[in-house]
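Visitor: have a look at this prediction, sequence included:
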Amino acid sequence: MSLNQAILPEFDHEMSNTRKSLERIPDDRMNFKPHTKSMTMAGLATHMATLNHWAEAIFGNDTFDASTAPPNPDLKSRAEVLAAFDKHTAAARKVLASATDAELMKPWALTFKGKSILTLPRIAVVRSFLLNHQIHHRAQLGVYLRMNDIPVPSIYGPSADEGNM
C-alpha cells in the first residue's frame, strides 16, 4: 500500500470530526475569548478553516519561511468558516491523494526569517501540521463550545453532550 493511501483514511476521519466541531460555532459568539491570551472564536475557527492551506506550501516547495505567510483575516460567520474549511480540505486531500511515496518521503523544511524550525519528511509534516495541528485546535474549540453551553460533538466516542453514537 502506498503512503498516501495509508494516511488518507486518517485524514478523512479527522477532517470529518473537525467539520462536526466547526458546524457548532454560533455566529453570535464569534468574538468570545476564554482568556486574554486566547484567540477569539472567530480567530480560532479561521485558523482551523484555513490550516489545510499548508498543503500547498508542503507539496509546492521544499522549504517555507513562515514569516512570509500572509495573515488570514477572521472569517465572520459559521457559513464562511465551513466554506473555507471545505475548500482548503478538498484541495489538501487532492494534493495528498496524488502524492507519490518519493514525494512523501522527501524532506521539507520550515524556517522563520531564515532560521530553521524543522526539517522532516513530508509525510511527517502532513501528520504534524495538518492532522495533529488540527486535532489540537479542535480540542481548544471544544473548550470554547463547552464554555458557551454549546453541545460538544462526539469525536472518538460519546461526549458528555452526545452519549449515544
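Guide: Yep, it's here.
Visitor: nearest to the spatial middle of the protein, which residue is it?
Guide: Geometric centre of the chain, nearest residue: Q134, 3.4 Å, by Cα atoms, centre = their mean.
Visitor: list the buried residues of the strand or helix carrying it.
Guide: Element membership of Q134 [criterion: DSSP states H and E] is helix 133-147. Residues of helix 133-147 classed as buried by neighbour count (16 or more other Cβ atoms under 10 Å): 133-134, 137-138, 140-142, 144-145. (Glycine included, C-beta is placed from N, CA and C.)
Visitor: closest to P158 out of these?
Guide: G142 (13.5 Å; Cβ to Cβ).
Visitor: closest one of the buried residues of helix 133-147 to F11?
Guide: So of the buried residues of helix 133-147, ranked by how close each gets to F11 (Cβ to Cβ), first place is Q134, at 9.5 Å.
Visitor: report the separation between the closest one and K106.
Guide: Distance of Q134 to K106, computed by Cβ to Cβ, to the nearest Å: 22 Å.
Visitor: what sits up against stretch 82-93?
Guide: 8, 11-12, 15, 18-19, 22-23, 46, 48-56, 75, 130 (Cβ atoms under 8 Å, 6 or more residues apart in numbering).
Visitor: nope, stretch 130-139 is what I was after
Guide: 10-11, 14-15, 17-18, 21, 44, 47-48, 51-52, 54-55, 58, 92, 155.
Visitor: likewise for stretch 31-46?
Guide: 22, 25, 29-30, 47, 72-76, 78, 81, 84, 137, 140-141, 143-144, 147-148.
Visitor: buried sites along that stretch?
Guide: Buried, per 16+ other Cβ under 10 Å, within stretch 31-46: 32, 34, 39-46.
Visitor: how about the residues you listed, which pair is most distant?
Guide: P34 and T46 (16.4 Å).
Visitor: element containing N4, please.
Guide: Per DSSP H and E: helix 3-22 holds N4.
Visitor: distance from the chain centre to that helix, please.
Guide: 10 Å (Cα atoms, centre = their mean, to the nearest Å).
Visitor: same question for stretch 10-25.
Guide: With Cα atoms, centre = their mean, you get 9 Å for stretch 10-25.
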